[in-house]
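Colleague: just a sequence and a predicted model for now, questions to come.
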Amino acid sequence: MPRRALSITALVLLAPHTLAQPTGSQPTYELDDSGAWVQTASPDAGTDASALAEARRLIVEGNTSEAINIIDTWLSTHGRAISPYVPEALLLRGDARVAADDEYGALVDYEAVTMYPESPHFVTALEREFEIALRYLNGLRRKFLGVRIEDARPTGEELMVRIQERLPGSRLAEQAAIELADYWYRRRDMPMASEMYEIFTRNFPNSAFRRWAMQRRIYASLTRYKGPRHDTTGLEDAQLLIDEFRDQYPQDAESAGINDALLTRVDESLGEKMLETARWYLKTKDDASARFTLRRLVRDHPRTAAAVEALRIMEDRGWGTIIPQPQPEPAPQPQPEATP
């Protein structure tokens, strides 16, 4: 799925323009003729805003250590105060740490920003977490003793779940949900993938990715079936999902391979499962249960190879091959008109 990512430098430059801030607190930037960002105004010297503006400038220039020192000093004085700049300072420190290749340390600051849900920086912090989570799910490892050796995928999974909980129904939550479902699908964790696709289609019924999620959920459900000696819940779920997909997207179903042939495969597998069950009953000398299962197999899956084998077994054992069919309800008889 296409995404557009900005560098941390661009995000830091754009932040003053895209988020509401206290009046006069932020420097302003404009693009010059060469396409570079140029500062055109700055806050008054000695103010809280000027300290954070200086930290922002240092981040853009790549002096992340100096920027972090400025923010650390400022937070040591104002961190416990009720100041509108605290969330911004935490966000900037997180940005500086990302720029310094310490994205895991940055998560501590971004998580701290989420403690201020009324702040305009709340959503921005979650967007930053989403980008880090995406990198983790795509294989980026966490540092340990300066070397990236630790598996960070569990952290990425948890971040994607938190984003959905904190911004339910949002575009960012939609992205987090589909990315997490696709990640589990790639990892072949089909039970989790199937569950996440179900959550996605329920929470985002009008999403452009709904069709994708429904299709992936069908294949995830089919893959959960491991053979006739295993549970058939995945097959039964897939059968219902195939019918639902064909009803909603009839023109796309054939090209996506969600057609009669796929239903036939599901029917054959369900028949194989019942035949395996009947054979187990025969092996344990439970003829009554075996006969019942075989008759139900022929009734429910009559066009399968398993049904042919079931008929042969019943004939060999003298159990008959006539399978009772459900009788239709009698048509209502017309009532005689009342005589006036």
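Modeller: Arrived safely, thanks for sending. Keep in mind the model is a prediction, meaning the values are calculated, not measured. Numbers count the residues shown, from 1 in each chain.

Colleague: so residue 149, which state does it fall into?
Modeller: Of the three states, residue 149 takes strand under DSSP: H, G, I helix; E, B strand; the rest coil.

Colleague: and it, how many neighbours does it have?
Modeller: As a burial measure, residue 149 scores 10 neighbours (other Cβ atoms under 10 Å). C-beta here means a position set from N, CA and C on the backbone, and glycine is covered the same way.

Colleague: tell me the spacing between it and residue 294.
Modeller: Per Cβ to Cβ, to the nearest Å, residue 149 is found 56 Å from residue 294.

Colleague: again with residue 188
Modeller: 35 Å.

Colleague: ditto for residue 138
Modeller: 50 Å.

Colleague: neighbour-wise, which of these two wins?
Modeller: Counted by other Cβ under 10 Å, residue 138 and residue 294 do not tie: residue 294 has more neighbours, with 28 against 12.

Colleague: do you know how far that one is from residue 206?
Modeller: Residue 294 is 47 Å from residue 206, by Cβ to Cβ.

Colleague: repeat that for residue 293.
Modeller: In terms of Cβ to Cβ, residue 293 sits 44 Å off from residue 206.

Colleague: the more surrounded of these two?
Modeller: residue 293 (20 against 6).

Colleague: what is the neighbour count of the closest residue to residue 228 other than its chain neighbours?
Modeller: Of all residues not flanking residue 228 in the chain, residue 276 sits nearest, at 3.9 Å (Cβ to Cβ, 6 or more residues apart in numbering). Neighbours of residue 276 under the rule other Cβ under 10 Å: 15.

Colleague: same deal with residue 97?
Modeller: 23.

Colleague: and for residue 171?
Modeller: Neighbours of residue 171 using other Cβ under 10 Å come to 10.

Colleague: hmm, who's touching the helix ranked longest in the chain?
Modeller: Assignment by DSSP state H gives helix 260-283 as the longest helix of the chain. Under the criterion Cβ atoms under 8 Å, 6 or more residues apart in numbering, residues 222, 225, 228-229, 232, 235-236, 238-239, 242, 287, 289-290, 293-294, 296-297, 300-301, 303-307, 309-310, 313 lie in contact with helix 260-283.

Colleague: now, of these, which are buried?
Modeller: The neighbour-count test (16 or more other Cβ atoms under 10 Å) marks 222, 225, 228, 232, 235, 238-239, 242, 290, 293-294, 297, 301, 304, 306-307, 309-310, 313 as buried among the contacts of helix 260-283.

Colleague: ok, and the closest non-adjacent residue to residue 238?
Modeller: Here the residue nearest residue 238, using Cβ to Cβ, 6+ apart, is residue 221, at 4.0 Å.

Colleague: cool, and residue 218?
Modeller: residue 241 (4.7 Å).

Colleague: so for the one you found, what's the pLDDT?
Modeller: pLDDT for residue 241: 92.

Colleague: now it: which helix or strand?
Modeller: Taking DSSP states H and E as the definition, residue 241 sits inside helix 233-248.

Colleague: wait, what's in contact with residue 307?
Modeller: Here residue 307 is in contact with 271, 297-298, 301 (Cβ under 8 Å, 6+ apart).
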